[in-house]
Each structure stands twice: as structure tokens, then as C-alpha cells.
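1. Got a predicted structure here, sequence first:
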Amino acid sequence: MSSDRKKTSRRQFLAHGLYVTAGAVATTALTSCDSLPILGTTESDAKTRFGFTTYQWGKDWDIPALIANCTKAEVYGVELRTSQSYAHGVELELSVQQRGEVRKRFADSPVTVVGVATSERFDSPEPAKLKEAIENSKAYLMLSRDIGGSGVRVFPNSFHDGIPREQTIAQIANSVNIVGKFAADCGQQVRLEAHGNAGELPTLRAIMEQVDQPNVRLKLNSSMKDTEGEGFEHNFNLVKNLLGDTLHLHNLKDAEFPYQLQMDLLVKMGWTGWQLLEASDNVPDRLEALIEQRQIWDQMLANSLNA
């Protein structure tokens, strides 16, 4: 860990009132997944739920602000984006004690930590980069486990010139099998998102045909790419039995993407996961915009339930 990254993490936690003195950094103190149970809510009659990914709208909200704003907006699940530039400060460098503080802060609130969203990807033709992505993914799985999350988002991500598509598909599948086996010991889910040109739904289906780890699941990304070819419903049906417990939404006012159809299909199949808003639109008031998006989503869900 670089000294600059370590200092940033400490400054963030001092500012948030969460820093605890001493304690080894968790990524060096923990080398395998065991102990800590997963926190979260289970309801026998649970329906699909609306949540929030910090991405752009939540980039400068620290943990107290994130909990407060999500509570005000009646958004009770949050996925934490990582990259060292987010005010929540939840990164790999956190010590065991710091992770425990994050876990407790969310456990004492109405907001569930759904998991961690990384940009780790398994397409690189360079062995060293691929190995780094696999090892980083394992570390993020431990981070998610330690803070009370239930899974980690990763990417497929791209095909490369001069490399057969079948080779890249096999490489991605092998990588998520390795990560998935590790995740199983953590009680975590590996969420392979529809991202990049190796993340189109038919391709994801081909990848998953080579995956043997049951906790590796697909994550929809509400992309216009999903509507290509024979259309959204056809593409959705290719992967519906492979879906995990989260997906990403974007601006629900966007009439191009068939959000209502997606909701209809999810409700019809009885999917009970989190639909997480990953928003980047420029808006004057992000909290008000989050409330508005949740209200639009509520109406879509009502439409599907009453159809």
C-alpha cells in the first residue's frame, strides 16, 4: 500500500469519526475467508427492491451523509463504488477495526450494504494483469464480507485484436471460477456485470456455460446493447436463469431503454434482488433527484404487480 493511499484513508476516517487507532491493515491480516456472518435483511414476502450505487451522485457523500440521504429518499440498499476517490472511504486499505466500524454504522441504520462495485476485469491478454485482477477481486470479496456486504461487482470486459473470442470467453470463465471458489468461502456472490463488448448478454450466456461455481451470477446493466439483435425480451430470456441478486439502473426518465418491460419480466419470474441506481446525470439537487427516481421506480413496480 502506498503512503499516499494510506494517508487518504486515514484522513477520510478521521473526518467521518470512524478511524480507530492501531490494528493491522485487513488486507494483510486476513488471507482467507472465514468467521464473520453476512449482515442483511431477509423477508419471506420480499419483492425486488430499489437501491443506490455511489458512482457519481454519491461520490462526495461520506458514510453519515450516505446513510442520511438514502434514509430521506427511502432507499434502503447501497452498493459502494471503490477507486480511492469516494468520500465514503471504504477501500482495501481499511484495517480490521475500521471495517468493523463501517459494518456497525450500517447495521445500526435502516440502510443495507448490498456490496462493493469494483472495476476489476478478466479480459487482459497479459498474464500479470489478469493475475492482479483475480487477486484484487479476492481482496474486495473480503472487504465486502467484513463490512456486511453480500457480493462484489466485476467486469468481463473486452475482446482484443488478434485473440480469438473463444479464448477470451474461456479466460473470463476460468477467472470467475477461481474468484467464485474463493467467494464461496466468504459467503459472497461474484456479480459479473454486462459491461464492455464481452459483456453483451449472448456472450455472457456463453461465458456462464463454462462456469461451475454457483455463486458466480450475472448482473444486468440496463444497456441499450441489451435491446439489439432479436430484442430485449429475447436477450433477457437467454440469461434470466443466471441472474444474481443485483442489477444496475440508470436514468429512469430515459424513454429509449425498456425499463417497464425489464421490470415486468423480473416481477413475472419472481426476482427479489436489488435494482441499484447508478446515475451520472447533472442535476441541481442529487437528493431530490434520487427521490424522484425512486418514485418513478415505485410506479413501475406497481404497474408490473397490477398487470
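-> Structure received.
2. Every contact and neighbour count from this point should use C-alpha atoms.
-> OK.
3. For Q262, grab phi and psi.
-> phi -60, psi -40 (degrees, to the nearest 10).
4. so how far is W297 from it?
-> The gap separating Q262 from W297 is 12 Å, by C-alpha to C-alpha, to the nearest Å.
5. again, but for A194
-> In terms of C-alpha to C-alpha, A194 sits 21 Å off from W297.
6. Same check on K138?
-> 33 Å.
7. isn't D212 right up against I178?
-> No - using C-alpha atoms under 8 Å, D212 is not in contact with I178, being 9.9 Å away.
8. what pairs with the spatially closest residue to L249 that is not a sequence neighbour across the strands?
-> Nearest non-adjacent residue to L249, counting by C-alpha to C-alpha, 6 or more residues apart in numbering: L277, 4.7 Å away. Here L277 sits in beta bridges with F52, L249, going by DSSP bridges.
9. Verify the stated contact: L277 with W57.
-> No - contact criterion C-alpha under 8 Å: L277 and W57 do not qualify, at 9.5 Å.
10. So for those two, which sits in the more crowded spot?
-> Ranked by neighbour count (other C-alpha atoms under 10 Å), L277 and W57 place L277 first, with 26 against 21.
11. and the more buried one, what does it touch?
-> L277 makes contact with F50, G51, F52, T53, H248, L249, H250, N251 under the criterion C-alpha atoms under 8 Å, 6 or more residues apart in numbering.
12. Serialize these to JSON lines and add fields for neighbour count.
-> Formatted as JSON lines, the contacts of L277 follow (neighbours: other C-alpha atoms under 10 Å):
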{"residue": "F50", "neighbour count": "24"}
{"residue": "G51", "neighbour count": "28"}
{"residue": "F52", "neighbour count": "27"}
{"residue": "T53", "neighbour count": "24"}
{"residue": "H248", "neighbour count": "20"}
{"residue": "L249", "neighbour count": "22"}
{"residue": "H250", "neighbour count": "19"}
{"residue": "N251", "neighbour count": "16"}
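13. from the residues you listed, which is closest to G89?
-> Closest to G89 out of those is T53 (14.3 Å), distances taken as C-alpha to C-alpha.
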